[in-house]
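Enquirer: based on what follows, work out the 3D shape:
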Amino acid sequence: MEGRLSFAGLSNKWDTAQDVKEAAEAIRNCKDLRCLKLEANTLGVEAAKVMGDALAVHPEFERAHWKDLFTGRLKTEIPDALVSDNNSFKGAKLKELDLSDNALGPVGVEGMVEFMSSPVCYSLELSNTYVLPQEIRLNNNGLGIKGGTMLAQSLMKLVENAKAAGEPLKLKVFISGRNRLEMEGAQVFAEFFKAVGTLEEVAMPQNGIFHKGIAALALAFSVNSNLRIINLNDNTFTPKGARVMAEKLHHMQNLEVINFGDCLIKTAGAKYIAHALASDHKKLKELYLDSNEIGPEGGLAIATAMTNKEELTVLNLDYNQFVVSPMFLKQCTAAEFYKQSTGGRLLGLGNSGPSQLVEEARRMGNGSDEDFIFYCFGMFMRAASMATANNEEVQEAVKNTTGHLAKAIFTIAQNGDMSSIATNNLLVHLGLIKCEDKDFMLAWDLQGCLMILTNLVALPLFPAQTKSALQLFLSRPNFRIDACSKEKHMLMRALFQ
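Expert: Numbering: from 1, shown residues only. Predicted coordinates:
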């Protein structure tokens, strides 16, 4: 396609000028280059300078799709490579910058800060025809609080310089997921969002943001009245954050997609949001509130609030805590339960359910005891998460199932001298240590899991080594665990008895 050049997915390792010679020539000779896709290659400092020189002959260049471009590079190399690439944009009209899936970290962000502070982004006096970027995509860069703060401050400088030059920043899309920004990072970015005021899409999922950070973002979003899409999935609102967000939603009447899934909103928070959405927001098309520990009253409030939304196509309330009655029992296999676990499905497995889940974990482990332990813990957590269900049948099924699974795990661990493996897997499934599998996600409510573990740790089958590890890791701050303060306290007390 004319205007677009792609090297995506070729796994090239561009270290030297010679390595990148062919690609640089293709860039230099491309007619009307608007978009350059470099994702899933790896670019070094020397090669970046050569590529930058080639790209500098294209003032028409608009879109930099540079995901996953620094794999295998030292963190100290990334800033120099990014600085070299600054030369690429002289005179350009950059509209989109995507540097997702690059492990920048705070060190790499230093280069990013210089990048965002370069003439391409704010020195409008050097190029009166320059158009400021409209889309910034920074998913999974390992920014952390420090890196996020540095980046947000450089973006604030961009806003100030653009305004002083008489051409305000008109950013439409900002995406920064899985970056561990936490509360402090969210608060700094909130100031940037308030200064922009033109955002149409903001996505900041999986950033460990607590209710104070959510409150800061809510205020910033209210200034951006053109917002169409908000994605804050897998942060920690609690009802406090949900209340502040709900209070500001009336300023955002153009919203089409709201994703507050897995945000610990609970029933009270759901009611706040339902009240805020009930009378207005006629453009709403998709609402995600799954995995929020919402009870029947909250679910009913949300459903009622959606009755006047003629554009609505998606309402996701999965994995909440609605009452399970016999009419909702669903016969299923153990494999189906693993993919989508509900109280109805757990009861639908019948009396042999615990044994079925153990056998399915064994099948998924494909003969490996270590993999069996991993998948068995996955079954355990999915079942344990329903311990908070407002249904006695489900609670009894959870107790029986988790006891059976725990016995299977620790028996094979003890017999195979694999207690340390079992311990590590438990810590992974509680979110206390990282999993080596990048696709692994905590898809269960930890409140119920902590409740079940409180009962199990007193039993003889529970290894002393595992108890000691839990004592150590639970004593450290963890936003997911700390959100279940009561259950954490009960478990800690049981561990030290």
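
Enquirer: and the pLDDT for residue 133?
Expert: What the model reports for residue 133 is a pLDDT of 58.

Enquirer: let me fix that, I meant to ask about residue 488.
Expert: Taking residue 488 on its own, its pLDDT is 92.

Enquirer: any idea how far it is from residue 432?
Expert: Distance, residue 488 to residue 432, using C-beta to C-beta, to the nearest Å: 11 Å. From N, CA and C alone the C-beta is placed, and that goes for glycine too.

Enquirer: what do those two both touch?
Expert: Common neighbours of residue 488 and residue 432, using C-beta atoms under 8 Å, 6 or more residues apart in numbering, are 474, 481.

Enquirer: OK, contacts around residue 277?
Expert: 249, 284, 287, 305-306.

Enquirer: closest to residue 265 out of those residues?
Expert: residue 287 (12.0 Å; C-beta to C-beta).

Enquirer: for the closest one, list the residues it contacts.
Expert: Contacts of residue 287 (C-beta under 8 Å, 6+ apart): 257-258, 277, 302, 306, 312, 314-316.

Enquirer: and the host helix or strand of it, which strands flank it?
Expert: Residue 287 belongs to strand 286-288 when assigned by DSSP states H and E. Paired strands of strand 286-288, with direction, are strand 257-259 (parallel), strand 314-316 (parallel) (DSSP bridges).

Enquirer: pLDDT of it, averaged?
Expert: Here the average pLDDT along strand 286-288 is 97.

Enquirer: after that strand, next one along is what?
Expert: Following strand 286-288 in sequence, per DSSP H and E, is helix 296-305.

Enquirer: may I have that following helix exported as PDB, CA atoms only?
Expert: In PDB, the C-alpha atoms belonging to helix 296-305 read as follows (Å, rounded to 0.1, in the frame of the first residue of the first chain):
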ATOM      1  CA  PRO A 296     -28.000  -8.900  43.300                       C
ATOM      2  CA  GLU A 297     -29.100  -5.400  44.200                       C
ATOM      3  CA  GLY A 298     -26.200  -3.800  42.400                       C
ATOM      4  CA  GLY A 299     -26.800  -6.000  39.300                       C
ATOM      5  CA  LEU A 300     -30.400  -5.100  39.200                       C
ATOM      6  CA  ALA A 301     -29.600  -1.400  39.500                       C
ATOM      7  CA  ILE A 302     -27.200  -1.600  36.500                       C
ATOM      8  CA  ALA A 303     -29.700  -3.600  34.400                       C
ATOM      9  CA  THR A 304     -32.500  -1.100  35.100                       C
ATOM     10  CA  ALA A 305     -30.200   1.800  34.200                       C
END
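
Enquirer: from the chain's centre, how far out does that helix sit?
Expert: On the basis of C-alpha atoms, centre = their mean, to the nearest Å, helix 296-305 sits 26 Å off its chain's mean C-alpha point.

Enquirer: now do it, average pLDDT.
Expert: So the average pLDDT for helix 296-305 ends up being 92.

Enquirer: separation between the closest residue to residue 444 other than its chain neighbours and residue 268?
Expert: Excluding the flanking residues, the one nearest residue 444 by C-beta to C-beta, 6 or more residues apart in numbering is residue 385, at 3.7 Å. According to C-beta to C-beta, residue 385 and residue 268 sit 20 Å apart.

Enquirer: how about residue 11?
Expert: As judged by C-beta to C-beta, residue 11 and residue 268 stand 50 Å apart.

Enquirer: who touches the top helix by length along the chain?
Expert: When the chain is parsed with DSSP state H, its longest helix is helix 392-415. Contacts with helix 392-415, where a contact means C-beta under 8 Å, 6+ apart, come from 324, 343, 346-347, 353-355, 357-358, 361, 369, 372-373, 376-377, 379-380, 383-384, 386-387, 389, 418-419, 421-422, 448, 452, 455-456, 461-463, 466.

Enquirer: quick check: next helix or strand after it?
Expert: Using DSSP H and E, the helix or strand that follows helix 392-415 in sequence is helix 419-429.

Enquirer: so residue 19 touches residue 47, yeah?
Expert: Yes. The pair residue 19 and residue 47 qualifies as a contact (C-beta atoms under 8 Å) at a distance of 5.6 Å.

Enquirer: and residue 11 and residue 268? Which one has more around it.
Expert: Per other C-beta atoms under 10 Å, whichever of residue 11 and residue 268 has more neighbours is residue 268, with 16 against 9.

Enquirer: what about that one, helix or strand, and which?
Expert: Short version, using DSSP H and E: residue 268 is in helix 266-277.

Enquirer: list the buried ones in that helix?
Expert: Neighbour-count burial for helix 266-277 flags 266-274, 276-277 (criterion: 16 or more other C-beta atoms under 10 Å).

Enquirer: could those residues go into a markdown table alongside pLDDT and distance to residue 244?
Expert: Listed next are those as a markdown table, based on pLDDT from 0 to 100; distance: C-beta to C-beta, whole Å:
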| residue | pLDDT | distance to residue 244 |
| --- | --- | --- |
| 266 | 92 | 15 |
| 267 | 90 | 17 |
| 268 | 92 | 13 |
| 269 | 95 | 10 |
| 270 | 96 | 15 |
| 271 | 94 | 14 |
| 272 | 96 | 9 |
| 273 | 97 | 11 |
| 274 | 96 | 15 |
| 276 | 96 | 11 |
| 277 | 97 | 15 |
